[in-house]
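Engineer: Sequence unavailable; structure follows:
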């Protein structure tokens, strides 16, 4: 027997187990609900709004943030030319909420944005819809029945327009989620009701003169020209709400369906719907999840261990006198099989709009709650009125155990659409508010127009953000998955004593990395595609060296 080989094999096995424990160990710690560090409404005397179901907030590598909203007036925080009745409004703020720049985009009619994504040239790509018929390539009827086109805008790092284009047919199209693909182009999803113009393959409706919509997926080249498009669905209505690119270059779309023809299992009024397409737009598989009533996916991301995780709404046990739907989180494997699912909420309505990774392997969620019981505490709404909705956010472990939750808002409507971990124990939440009391201070709207965009920074009193105080000292890998570089916030660059990288099976790899301005940047190019673990050691103020591990996925071009 070769004892050396056995020892090496055991060493790799033990190392692998230790790495997994390091990744998961923080999940077992009880966490307190964070408090508001600062909050700020943004807007003018009229309505500044965003749709609560879509991702509207980005965290830049320089510590700033960019959010999307819309504006219908010039004044207050809106200091830009207004082109039509409602414009897309993009705002960049610093780490304490001060506006760095803001700009409006659109045409002479109504323009809305749903999604924003950072591009490799340090700019941004934005997706939404428009009914401004003078914009490039507008398709829809410009007569009495004005209908929407999907609308894509590319801007540079300071908001200058680089290109814009409309996509669709004679009927309505929305673009609800957009990403930059690994080849430098872009992919968006949404829905279409057309079967002409840019749209081909929309599925006919079941026995009705009304044309139901299909989920629509469109691949663009870097200049915005269509590479391919695909209509996903059946004889009912489908919607794509969220899209990601998987490590094999294919695309995963989450949304809902109510079709019941061949290939579809109809559980209720509408069901959660996940579709996988190949890199060239070919159908690979779809899965349907849900219960008797309304269920849907609003946000889907990569899971911290394997597969994917999404949030949305589950109405499986709907009873108007007892329960009106829960916020829903489900993890699925790479083929769409359910790994676990949990519902959260109280006796009112809850739904999830956004899910994002936390640095300890858990997940952050945000959405809306109208409950004052069950999992929900602190709701500011007035019982017995229609003004019960608060932004509801929280954190769960990698297997769905609720660690903390928080209600944000006042006595009017408040809805959340995005949550991000800034660094361990610090979180930024984006949404909209109708309130002028409770947590909301400084709403800009007048008595006839109540809506402001609202940003809230949360911080846990027990977080160890400063270097050397123990606990988690650096944030999750970003971006994850990555096609070139991966970054970690390390608290204090000078306190880092060692950095090592391994495959998940324990084989050490040696990508080059830099430490600058408390950020560790590793160049992954040249590594085989797959999952890796970064081990980062840092010395605390007490002189003790602590080592932490973070998992990330790399896929090269």
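Structural biologist: Perfect, thanks for sending it. All values reported here derive from a predicted model rather than from experimental measurement.
Engineer: doesn't residue 187 make contact with residue 117?
Structural biologist: No: at 9.8 Å, residue 117 does not count as touching residue 187 under the criterion of Cβ atoms under 8 Å. Every C-beta, even on glycine, is put in place using the N, C-alpha and C of the backbone.
Engineer: Common neighbours of the two, please.
Structural biologist: The overlap between the contact sets of residue 117 and residue 187 (Cβ atoms under 8 Å, 6 or more residues apart in numbering) consists of 178-179.
Engineer: With neighbour numbers in mind, choose between the two.
Structural biologist: With neighbours defined as other Cβ atoms under 10 Å, residue 117 and residue 187 compare such that residue 187 has more, 26 against 18.
Engineer: ok but residue 83 is inside a helix, no?
Structural biologist: No: judged by DSSP: H, G, I helix; E, B strand; the rest coil, residue 83 forms no part of a helix; its state is coil.
Engineer: Look at it and say how many residues are nearby.
Structural biologist: By other Cβ under 10 Å, 18 other residues sit near residue 83.
Engineer: With residue 248 instead?
Structural biologist: Number of residues near residue 248 (other Cβ under 10 Å) recorded here: 12.
Engineer: do residue 379 as well
Structural biologist: Using other Cβ under 10 Å: residue 379 sits among 23 other residues.
Engineer: Next: residue 138.
Structural biologist: Neighbour count for residue 138, taken as other Cβ under 10 Å: 20.
Engineer: Hmm, residue 147 and it touching each other?
Structural biologist: No: taking contacts as Cβ under 8 Å, residue 138 lies outside contact range of residue 147: 10.2 Å.
Engineer: okay, and the common contacts of the two?
Structural biologist: With Cβ under 8 Å, 6+ apart, residue 138 and residue 147 have no common neighbours.
Engineer: Please, which helix or strand holds residue 531?
Structural biologist: Assigned by DSSP states H and E, residue 531 falls within strand 530-539.
Engineer: Only the buried residues of the helix or strand following that strand, if you could.
Structural biologist: For strand 530-539, the following helix or strand on the C-terminal side (DSSP H and E) is strand 545-554. For strand 545-554, a neighbour-count test (16 or more other Cβ atoms under 10 Å) marks 546, 548-554 as buried.
Engineer: Please enumerate the strands of the stretch 51-200 of the chain.
Structural biologist: 57-59, 65-71, 87-93, 99-105, 111-118, 124-130, 149-155, 161-167, 173-180, 186-192 (DSSP state E, counting those that start in this stretch).
Engineer: With respect to residue 410, which of those lies nearest?
Structural biologist: Residue 410 sits nearest to strand 65-71 of all the strands of the stretch 51-200 of the chain, at 18.7 Å, using Cβ to Cβ.
Engineer: Spit out the contact partners of residue 68.
Structural biologist: Counting by Cβ under 8 Å, 6+ apart, residue 68 makes contact with 50, 56, 88-91, 113-116, 126.
Engineer: what's the pLDDT at it?
Structural biologist: The model reports residue 68 with a pLDDT of 93.
Engineer: For residue 291, state which of the buried residues of strand 545-554 is nearest.
Structural biologist: Of the buried residues of strand 545-554, the one sitting nearest to residue 291 (Cβ to Cβ) turns out to be residue 553, at 31.7 Å.
Engineer: which residues in the stretch 151-300 of the chain form helices?
Structural biologist: With helices called from DSSP state H, counting those that start in this stretch, the stretch 151-300 of the chain shows none.
Engineer: and if you look at the stretch 351-500 of the chain?
Structural biologist: Going by DSSP H, counting those that start in this stretch, the stretch 351-500 of the chain shows no helices.
Engineer: Now do residue 332 against residue 297, distance only.
Structural biologist: Distance check for residue 332 against residue 297: by Cβ to Cβ, to the nearest Å, it reads 10 Å.
Engineer: So those two - more neighbours on which side?
Structural biologist: Neighbour totals were compared for residue 332 and residue 297, and residue 297 leads with 28 against 23 (other Cβ under 10 Å).
Engineer: quick check, nearest of the buried residues of strand 545-554 to residue 212?
Structural biologist: residue 553 (36.0 Å).
Engineer: Touching, the closest one and residue 302? I think so.
Structural biologist: Yes: when contacts are counted by Cβ under 8 Å, residue 553 is listed as touching residue 302 (6.7 Å).
Engineer: Can you pull the residues that touch both of these two?
Structural biologist: 480-481.
Engineer: residues in contact with residue 203?
Structural biologist: Contacts for residue 203 (Cβ under 8 Å, 6+ apart) come out as 214, 231, 233-235, 259.
Engineer: which among those residues end up buried?
Structural biologist: Among the contacts of residue 203, those classed as buried by neighbour count (16+ other Cβ under 10 Å) are 214, 231, 233-235, 259.
Engineer: Distance to residue 152 and pLDDT added to those, as TSV?
Structural biologist: As requested, the buried ones among the contacts of residue 203 are arranged in TSV below (distance: Cβ to Cβ, whole Å; pLDDT from 0 to 100):
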residue	distance to residue 152	pLDDT
214	19	96
231	18	97
233	21	94
234	27	92
235	29	91
259	27	92
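Engineer: Relative to residue 131, which of the residues you listed is nearest.
Structural biologist: residue 214 (20.4 Å).
Engineer: hang on, the earlier thing: so for residue 436, which of the strands of the stretch 51-200 of the chain sits nearest?
Structural biologist: strand 65-71 (18.1 Å).
Engineer: Now do the closest one and strand 111-118, the angle between them.
Structural biologist: If you take axes from the mean of the first three to the mean of the last three Cα atoms, to 10 degrees, strand 65-71 sits at 170 degrees to strand 111-118.
Engineer: Off-centre distance for strand 65-71?
Structural biologist: Using Cα atoms, centre = their mean, to the nearest Å, the distance from the centre of strand 65-71 to the centre of the chain it belongs to is 14 Å.
Engineer: likewise stretch 374-381?
Structural biologist: Centroid displacement of stretch 374-381 relative to its chain, using Cα atoms, centre = their mean, is 24 Å.
Engineer: Span of that stretch from start to end?
Structural biologist: Distance between the two ends of stretch 374-381: 15 Å, counting by Cα to Cα, to the nearest Å.
Engineer: any idea of the mean pLDDT for that stretch?
Structural biologist: Stretch 374-381 shows a mean pLDDT of 94.
Engineer: Over to stretch 504-516?
Structural biologist: 87.
Engineer: What is the end-to-end distance of that stretch?
Structural biologist: End-to-end distance for stretch 504-516: 26 Å, by Cα to Cα.
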